[in-house]
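Student: dropping the sequence and predicted coords here.
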Amino acid sequence: MNVLVLFESSGVVRDAFIRAGHNAVSVDLLPSSSELGNHFTRDVEEFLERQRGTKYDLIIAHPPCTALCVSGNHVYAKGKERFIERANAINYVEGIWNTCCMLSDRVCFENPVGVLPTMSYLPQPQYIQPYNFGEDASKKTGLFLRGLPRLTNTKRVDGRWVGDKERWANQTDSGQNRLGPSEERWKERSKTYQGLANAMASQWLQ
């Protein structure tokens, strides 16, 4: 099967499909940090324009989420100083979605909890947690699916209890992310967990 993975430089999702026997390529402005598969270091929008007329069996995209996350409401919400950036981000994602739907009957857009379910026309998401896919981590994530079944949980990893709250290895006792400030923090936080990538590769395109 021919799989296209957009906005991914880590190679986690692309490589999971390659290991499952599929032909997968990734596209991102950043070079790939994995050498297992083919990667195009270029603008996603421009790449997709060149793909018009091509058909893929599956497209998975991880569009930029900074202006879309609810955690940014204090600066990006309606009436706030940077709301125009959120509006532009929504228009951008919708445009990429439209193009992907012309190139494939099966599309998945992944994004953290944000405004896409209420401020865009993307389908309502399936929310998943990495701890239900064999990972000692918590990160509620939405999967916007077209022509694909919802992912089925594979293996639950129990967290540690802090009072009446369950916490996982990527969290402090208060629930904050353990990653400290650094130039690479955004990249690490945006990387797809391996267990989730493996579930995509094993449950889709069979």
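Tutor: Thanks, I have it. Numbers count the residues shown, from 1 in each chain.
Student: hey, let's count contacts and neighbours off CA atoms from now on
Tutor: Will do.
Student: from Ala24, how far off is Val5?
Tutor: Here Val5 is placed at a distance of 7 Å from Ala24 (Cα to Cα, to the nearest Å).
Student: shared neighbours, the two?
Tutor: Arg14 (Cα atoms under 8 Å, 6 or more residues apart in numbering).
Student: right, and Tyr127 touches Ser138 too?
Tutor: No - counting by Cα atoms under 8 Å, Tyr127 does not reach Ser138; the two are 12.0 Å apart.
Student: those two: which is more packed in?
Tutor: Applying other Cα atoms under 10 Å to Tyr127 and Ser138 shows that Ser138 carries more neighbours, namely 21 against 17.
Student: does the more buried one touch Gly175 like I think?
Tutor: No - between Ser138 and Gly175 there is no contact under Cα under 8 Å: 9.2 Å.
Student: can you pull the residues that touch both of the two?
Tutor: Jointly contacting Ser138 and Gly175 under the rule Cα under 8 Å, 6+ apart are Arg167.
Student: let's test this: mean pLDDT of stretch 91-104, rounded?
Tutor: For stretch 91-104, the mean pLDDT works out to 97.
Student: repeat that for stretch 114-122.
Tutor: Stretch 114-122 carries an average pLDDT of 96.
Student: measure that stretch end to end?
Tutor: End-to-end for stretch 114-122, by Cα to Cα: 12 Å.
Student: then stretch 101-119?
Tutor: Using Cα to Cα, the end-to-end distance of stretch 101-119 comes to 19 Å.
Student: now swap in stretch 99-112 and tell me
Tutor: Length of stretch 99-112, first residue to last, Cα to Cα: 21 Å.
Student: other residues contacting it?
Tutor: Contacts for stretch 99-112 (Cα under 8 Å, 6+ apart): 48, 51-63, 65, 69, 97, 139-148.
Student: pretty sure Leu145 sits in a strand.
Tutor: Yes - secondary structure of Leu145 (DSSP: H, G, I helix; E, B strand; the rest coil): part of a strand.
Student: and it, what are its bridge partners?
Tutor: On DSSP bridges, the residues paired with Leu145 through beta bridges are Cys108.
Student: got the contact list for it?
Tutor: Leu145 neighbours (Cα under 8 Å, 6+ apart): Arg106, Val107, Cys108, Phe109, Pro123, Pro125, Gln126.
Student: ok, now with 10 Å
Tutor: Counting by Cα atoms under 10 Å, 6 or more residues apart in numbering, Leu145 makes contact with Ile60, Arg106, Val107, Cys108, Phe109, Glu110, Leu122, Pro123, Gln124, Pro125, Gln126, Leu151.
Student: taking those residues together, which two end up most distant?
Tutor: Of all pairs drawn from those, the greatest distance, 17.7 Å, lies between Leu122 and Leu151 (Cα to Cα).
Student: and Asn73, which of the three is it?
Tutor: Assigned by three-state DSSP, the conformation of Asn73 is helix.
Student: ok, now how distant is it from Asn23?
Tutor: Distance of Asn73 to Asn23, given as Cα to Cα: 39 Å.
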